[in-house]
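J.: give me the fold of what follows.
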Amino acid sequence: MIKKLALSIIFLGLLESIIYFQKSNIVIIIAAILLFLLSLISSVRLKVLHKIGFWGQVNISILPLSYILSATVFLLFVPDLYYLQQIYLGLATIIFYGALKLVENVCRDVKSRNAFKTCDFLITISAFLFYASIFGLYLFLLWPSWIFLILLAFVTFILTYEFFWHNLLLQKHIVYSLILTLIISEISWALTLWPTGFMPRAMVIFTVFYAFTTLSKHNFNKTLNKKVVRNIIIISILILLLALLTTQWTF
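T.: Numbering: from 1, shown residues only. Model (predicted):
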């Protein structure tokens with residue numbers, strides 16, 4: 001517990017330094033490097049390497065790394081208000097602490113159901129932060145569409161692959177990951193024409209990611225029924241309504 005708490009405090013301190021020294025490129029670069037090293041320290045477990053294998057360790061390491069990266073980049077788009085930034089940092093640190101618990105649980109028991117639930121939550125959060133950040137960078141930096149689509153497709157494939165791997169759904173995980181990547185890439189290309197900000201677009205793509213992965217998981221586990229489908233539809237509609245109601249159209 002002490003180690004996880006110490007790593008979480010370091011994580012919070014590095015994010016705080018990025019906000020406080022936001023005009024210093026050197027400090028931001030150093031903080032980014034330290035955050036990357038922090039993700040490795042928090043995920044590598046040499047004692048259980050023989051049990052989960054090298055690629056198992058790689059897959060486990062991707063989760064903290066993807067979360068740290070997405071949470072850090074999304075910090076660029078948090079409004080420049082002190083209390084909002086501190087609320088975001090507090091939530092991000094709590095989730096990071098949960099990610100450390102996840103790594104510990106997975107290394108202890110790869111088939112732990114509690115680990116499955118935490119993995120799903122962490123991957124879902126990372127997906128939302130990534131999609132919002134990528135759309136934000138695309139709009140504010142005026143990236144060419146092909147760079148935007150390649151980056152978004154890469155992130156989608158990695159997160160989907162991780163989702164299926166951590167849920168032990170290995171039969172067709174590459175095929176399903178490619179299918180979802182193609183679907184999201186096509187929808188994202190269409191969304192580049194939307195006269196809206198980055199957040200509504202990201203929420204639409206996130207809804208597709210959430211619905212597809214959740215339906216696929218229940219289908220693989222033979223637990224897909226009307227109740228599950230209804231819950232997924234309700235949650236998806238609520239997210240889309242929130243996106244539409246908070247949208248500022250920029251015709």
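J.: so where's the stretch 151-251 of the chain shaky on pLDDT?
T.: By pLDDT under 70, the low-scoring segments of the stretch 151-251 of the chain are 167-172, 249-251.
J.: show me where this structure has its helices.
T.: 2-20, 25-43, 49-74, 82-108, 113-140, 145-166, 173-191, 198-220, 226-245 (DSSP state H).
J.: what angle separates the fourth one from helix 145-166?
T.: Yep, that's helix 82-108 we're talking about. Helix 82-108 and helix 145-166 are oriented at 40 degrees to each other (axes from the mean of the first three to the mean of the last three CA atoms, to 10 degrees).
J.: quick one: mean pLDDT for helix 82-108?
T.: In this model, helix 82-108 carries a mean pLDDT of 79.
J.: can the helices of the chain go into a markdown table with extra columns for mean neighbour count?
T.: C-beta: built from backbone N, CA, C; applies to glycine. Rendered in a markdown table, the data for the helices of the chain read as follows (neighbours: other CB atoms under 10 Å):
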| stretch | mean neighbour count |
| --- | --- |
| helix 2-20 | 16 |
| helix 25-43 | 15 |
| helix 49-74 | 18 |
| helix 82-108 | 17 |
| helix 113-140 | 20 |
| helix 145-166 | 19 |
| helix 173-191 | 17 |
| helix 198-220 | 20 |
| helix 226-245 | 13 |
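J.: is it true that residue 132 touches residue 204?
T.: No: Residue 132 sits out of contact with residue 204 when judged by CB atoms under 8 Å, with a separation of 11.2 Å.
J.: let me know the distance separating the closest residue in space to residue 123 that isn't next to it in sequence from residue 100.
T.: Counting by CB to CB, 6 or more residues apart in numbering, residue 163 is the residue found nearest to residue 123 once chain neighbours are left out, at 5.0 Å. Separation of residue 163 from residue 100 (CB to CB, to the nearest Å) stands at 19 Å.
J.: residue 175 too?
T.: As it turns out, when the distance is counted by CB to CB, residue 175 lies 32 Å from residue 100.
J.: and for residue 76?
T.: Distance of residue 76 to residue 100, computed by CB to CB: 24 Å.
J.: now swap in residue 153 and tell me
T.: Taking CB to CB as the measure, residue 153 falls 29 Å from residue 100.
J.: do me a favour and get the end-to-end distance for stretch 182-200?
T.: When the termini of stretch 182-200 are compared using CA to CA, to the nearest Å, they are 20 Å apart.
J.: neighbouring contacts of it?
T.: Under the contact criterion CB atoms under 8 Å, 6 or more residues apart in numbering, stretch 182-200 has outside partners 77, 132, 135-136, 138-140, 145, 148-149, 152-153, 156, 201, 204-205, 208-209, 212, 243-244, 246-251.
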